[in-house]
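**Q** Quick one, structure for this:
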Amino acid sequence: MSHRRLVALCLAVVVPLLPVPRLAAADDLAAKIEAVINAPEYKHSRWGILVVDGETGKPVYAHNADQLFAPASVTKLYSCAAALVGLGADYTFETPVYRRGEVAEGRLRGDLVLVAKGDFALGGRTTADGKMAFKDHDHIYTSAVSTNVELTGTDPLAGLKDLAKQVKQAGIKQIDGDVLIDDRLFERSRGSGSGPDLLTPIVVNDNLIDVVITPAAKAGEPATIKAVPESDYFQLDVQVETVAAGRLSRVVTERVGPQRYVVRGQVAADAKPLVRICVVDDPAGFARALFIEALRKEGITVKASILRAPTAELPEKEAYAKLTRVATHKSPPLAEGLKVTLKVSHNLYASMLPLLLAVKHDQRTLPQGLRQQAKVLAELGLPVADIALESGAGGGNGDRVTPRVTVQLLQAMAKRPDFGVYKAAMPVLGVDGTLVDVIGADSPARGKVFGKTGTYTDQDLLNDRQLLRSKAVAGVMTAANGKTLFYTIFVNDVPLPALVGSVREGKQLGKLCEIIYLNAP
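**A** Here you go, the predicted model:
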């Protein structure tokens, strides 16, 4: 036997016994992801990641995929999915107004009753084409030093004005009795997360008073203040000074009593108008006052005072069938409300969703609504026993989900005909919502990645810093290779250095999305 033949036989035996390497692209993806998550700043933290091929369902990358993580506002993917399935994309809120009493020569000898139906915005975000407006930096998240918050430019009183106009068209020129807001659709609850958290079925301007602060022409002069909406119902005590251009703008608001707020601070002369918010403590009283003012602006005489509590009792619920409806305001479809909820991570809207599911099943409490949500998720095929949720918005102490179940949720929704609505409601990487500024404008992943973000921080008073309990993103992307990928990325318990905020981790998650987009095998 020749030496060459012997070598060939040896190779024939040895080569099949060698381990088969992973595809180079898969190795490359894993190495790039792990270079981020194994960085020194995360030595005390936990990452959970799962990326799945949308066609085959096989994992592309997995890390702690079955561990429970605090999801923060990724929770909204669950509540919005349940609402979309349980109520339907075309579901609309119809807010009626009834008269109790007879009308003679334009004079109502009785009361006017607006029955709240859980409308998220009551026309206050509706655009001329029937959509719901949002800004990437929405007013619900303004802070003492925010400089980029914008109002939508829509009329926060549009729905109330519409109802007032209809009341006038119904022949009512004077109301001798009271004007009432029936907010008994579901029981009052508290939502989770920042912003307004009192959950009631009446919402006007997100139950906020916006304070728009415009600097004067030169330092030392007082800033100009405008309240949106304007009303005699509340009082603002404002002292905001204009300081030299380039200095820090800092303005804080404080509630000091019922409908009473103090606004203090400074604004730089070269700053654009700032937006600050005052959270309303009585949404029904707020809506009642604004409705009375809208009626009066329509030329209707209303004897009831916006400063005095209602004196009349609400009708029994069964009595509405015998009362005369004089006005109805119809909302844009639920798909539009879910868009605002996910794009700007609207805690108030998301927290209301389980309650709306409860109402559909003749129930009225948040726990009942979350149990209805569980039924919908189970019908979608999710192993609901593998996760825990105590809120619709995220940020609850009992909110814990796994990357695997979150990806399964996305996969289940992708099989439905309304997945386009669900996907379109998510922020788009580098384009809008809470993902607008986490990557560079020239990123190849820009516009290709849809995802719901989440942020949840606590104070570390011991070290005078923040503890980032959760930074998260989950959604769907079309990778550079053309494949559809479902993904979830969580990082929990990151001690942030002093003066470093969660924006740092937001950019890290944006970087991971870029890595997955470019390197998916």
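**Q** What mean pLDDT does stretch 309-325 get?
**A** For stretch 309-325, the mean pLDDT works out to 96.
**Q** Now tell me what touches that stretch from outside.
**A** Stretch 309-325 is contacted by residues 96-100, 111, 113, 115, 177-180, 182, 184, 285, 288, 304 when judged by Cβ atoms under 8 Å, 6 or more residues apart in numbering. (Glycine included, C-beta is placed from N, CA and C.)
**Q** what's the span of it from first residue to last?
**A** Stretch 309-325 has an end-to-end distance of 24 Å (criterion: Cα to Cα, to the nearest Å).
**Q** Which positions in it come out as buried?
**A** Neighbour-count burial for stretch 309-325 flags 310, 314, 315, 320, 323 (criterion: 16 or more other Cβ atoms under 10 Å).
**Q** what about residue 118, neighbour count?
**A** Using other Cβ atoms under 10 Å, residue 118 has 22 other residues around it.
**Q** try residue 270
**A** 12.
**Q** Can you give me every residue that contacts it?
**A** Residues near residue 270 by Cβ under 8 Å, 6+ apart: 215, 245, 246.
**Q** List buried members of those residues by neighbour count.
**A** residue 215.
**Q** Quickly name whichever of the contacts of residue 270 is closest to residue 444.
**A** Among the contacts of residue 270, residue 246 lies closest to residue 444 (Cβ to Cβ), at 35.6 Å.
**Q** Quickly note the distance from that closest one to residue 141.
**A** Distance from residue 246 to residue 141, counting by Cβ to Cβ, to the nearest Å: 25 Å.
**Q** Same check on residue 59?
**A** From residue 59 to residue 141 the distance is 34 Å (Cβ to Cβ).
**Q** Then residue 355?
**A** Noted for residue 355: a distance of 22 Å to residue 141, by Cβ to Cβ.
**Q** Pull the lengthiest helix in the chain out as PDB, backbone CA atoms only.
**A** Secondary structure of the chain read by DSSP state H shows that its longest helix is helix 503-519. This file holds the C-alpha atoms of helix 503-519, laid out as PDB (Å, rounded to 0.1, in the frame of the first residue of the first chain):
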ATOM      1  CA  VAL A 503     -30.700  56.500  28.300                       C
ATOM      2  CA  ARG A 504     -27.400  54.700  28.400                       C
ATOM      3  CA  GLU A 505     -29.100  51.300  28.500                       C
ATOM      4  CA  GLY A 506     -31.600  52.500  25.900                       C
ATOM      5  CA  LYS A 507     -28.800  53.000  23.500                       C
ATOM      6  CA  GLN A 508     -27.300  49.600  24.400                       C
ATOM      7  CA  LEU A 509     -30.600  47.900  23.500                       C
ATOM      8  CA  GLY A 510     -30.600  49.900  20.300                       C
ATOM      9  CA  LYS A 511     -27.100  48.600  19.600                       C
ATOM     10  CA  LEU A 512     -28.200  45.000  20.300                       C
ATOM     11  CA  CYS A 513     -31.000  45.400  17.800                       C
ATOM     12  CA  GLU A 514     -28.500  46.600  15.200                       C
ATOM     13  CA  ILE A 515     -26.300  43.600  16.000                       C
ATOM     14  CA  ILE A 516     -29.200  41.200  15.500                       C
ATOM     15  CA  TYR A 517     -30.300  42.900  12.400                       C
ATOM     16  CA  LEU A 518     -26.900  42.800  10.700                       C
ATOM     17  CA  ASN A 519     -25.700  39.400  12.000                       C
END
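**Q** if I pick the most centrally placed residue in the chain, what's in contact with it?
**A** With the centre of the chain defined as its mean C-alpha position, the nearest residue by Cα atoms, centre = their mean is residue 346, 1.8 Å away. Residues counted as contacts of residue 346 (Cβ under 8 Å, 6+ apart) are 138, 140, 195, 206, 340.
**Q** Give me the buried entries from these.
**A** 138, 140, 195, 206, 340.
**Q** now, which of the buried residues of stretch 309-325 sits nearest residue 518?
**A** Distances from residue 518 to those, taken by Cβ to Cβ, are shortest for residue 320, at 58.5 Å.
**Q** Which single strand of the chain contains the most residues?
**A** Taking DSSP state E as the assignment, the strand of the chain that covers the most residues is strand 465-478.
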